[in-house]
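*Asks:* got a predicted structure plus its sequence, pasted below:
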Amino acid sequence: MAFLNRRPTPLPSQLADATAAGYTFHLSGELVPVLTVELMPGQTIFFEHHILLWKEPSVEISVRPLAGMLKRMIAGMQILVTEARGPGQIALSRDGVGQIFPMHLAAGQELNVREHQFLAGTSTIDYTWDRVSGIANMLFGGTGFFVDRFHAAGGEGIVWLHGHGNVFEKDLAPGEQIDVEPGGWLYKDPSVQLDTNLTGLSTGFLAGNSITLNRFTGPGRLGLQSASPMLMSAGADARDRADSNTAANVASAAFGVLGGLAAGLFGSDRDDR
């Protein structure tokens, strides 16, 4: 039997001396993979601090706030990332079985990524977020309320992602559709539309119930992962939430200090009375 559409194809899991956007990097390891980046003098990447595995002493580490800090704090999302500046090598790894892979973005190109799958990005990449559109997608889609958005605003760049299990890519033609288990999608081009499809079960003892799938409509690329994030990343996601809470506490304390300084300088409403 011949099928009209091509199946998703696996992405490579091992890369040595790969070069893109002026950066040289390596992907190694089978179960819990490692990304190693060779930073030239002045080159920078940003990442979540808990994924740092090792670095050369010449690599400088600092903290960088993300755009929309207040909105991120209200949404319970991370507001700070770690930045590494060369020269030197740095290695990153997320505590989870899976696959690390690069997404090369041309200048001006965007990519939508599932929450908690980001590993690292080059300095030319803007890291923001969008709300998942549609009530059905929010309530039943299984993707959370937010989708990370990466935009190569400062020129071409790289976003490294971590997929659970193995990672596959499907290039959807205009109007082509595919139904995916809610935990199975990893990234997509902005041109790919996401909808939630509730399929009723009409026979057997489960008749009257429904199965929830994410329906994606092309054109554009769609990344798939073979393992469920809910099962594979409980530890990493818990750590992400802890980082978000810590960052929120730091930001709240900072706002409190600023508020106290302002009250001391200008007085309070009670003082005016």
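*Replies:* Perfect, I can see it now.

*Asks:* got the contact list for the nearest residue to D195 once chain neighbours are set aside?
*Replies:* Distances taken as CB to CB, 6 or more residues apart in numbering put R215 closest to D195, at 4.8 Å, once the chain neighbours are dropped. Glycine gets a C-beta too; all of them are placed from N, C-alpha and C. For R215, the contacting residues are Q177, I178, D179, V180, L194, D195, T196, N197, by CB atoms under 8 Å, 6 or more residues apart in numbering.

*Asks:* redo that, cut-off 10 Å
*Replies:* Listed by CB atoms under 10 Å, 6 or more residues apart in numbering, the contact set of R215 reads G141, Q177, I178, D179, V180, Q193, L194, D195, T196, N197, T199.

*Asks:* does it have beta-bridge partners, and which?
*Replies:* When assigned by DSSP bridges, R215 has beta-bridge partners D179, D195.

*Asks:* mind checking pLDDT for it?
*Replies:* Taken from the predicted model, the pLDDT recorded for R215 is 93.

*Asks:* minimum pLDDT in the contacts of R215, which residue is that?
*Replies:* Between the contacts of R215, the one the model trusts least by pLDDT is G141, at 48.

*Asks:* quick revisit: neighbour-wise, which of the contacts of R215 leads?
*Replies:* Using other CB atoms under 10 Å as the neighbour definition, the contacts of R215 reach their maximum at G141, which records 22 neighbours.

*Asks:* low-confidence ranges, the stretch 101-250 of the chain, go.
*Replies:* By pLDDT under 70, the low-scoring segments of the stretch 101-250 of the chain are 132-145, 200-209, 230-250.

*Asks:* strands of the stretch 1-150 of the chain, start to end?
*Replies:* For the stretch 1-150 of the chain, strands defined by DSSP state E, counting those that start in this stretch occupy the ranges 9-10, 15-20, 23-28, 34-39, 44-47, 52-55, 60-65, 80-85, 88-92, 98-105, 110-113, 118-122, 126-131, 146-151.

*Asks:* possible to save the ones you listed as a markdown table with distance to D171?
*Replies:* Rendered in a markdown table, the data for those read as follows (distance: least, CB to CB, whole Å):
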| stretch | distance to D171 |
| --- | --- |
| strand 9-10 | 9 |
| strand 15-20 | 19 |
| strand 23-28 | 22 |
| strand 34-39 | 24 |
| strand 44-47 | 27 |
| strand 52-55 | 32 |
| strand 60-65 | 33 |
| strand 80-85 | 30 |
| strand 88-92 | 28 |
| strand 98-105 | 14 |
| strand 110-113 | 14 |
| strand 118-122 | 22 |
| strand 126-131 | 22 |
| strand 146-151 | 19 |
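
*Asks:* out of the contacts of R215, which one sits closest to S28?
*Replies:* Within the set of the contacts of R215, V180 lies nearest S28; the separation is 28.9 Å, counting by CB to CB.

*Asks:* gap between the residue nearest to that closest one when sequence neighbours are not counted and G165?
*Replies:* Nearest-residue entry for V180: N214, 4.9 Å, with adjacent residues in sequence omitted and distances by CB to CB, 6+ apart. The spacing between N214 and G165, counted by CB to CB, to the nearest Å, is 17 Å.

*Asks:* again, but for G157
*Replies:* Applying CB to CB, the value for G157 to G165 is 26 Å.

*Asks:* which one of these two has more residues nearby?
*Replies:* Looking at G157 and G165 with other CB under 10 Å, you find the greater number of neighbours at G157, namely 26 against 18.

*Asks:* that one pairs with what?
*Replies:* Taking DSSP bridges as the rule, G157 bridges to L105.

*Asks:* who's in contact with it?
*Replies:* Applying CB under 10 Å, 6+ apart, we find G157 in contact with 20-23, 45, 103-107, 109, 121-126, 150-151.

*Asks:* lovely, talk soon.
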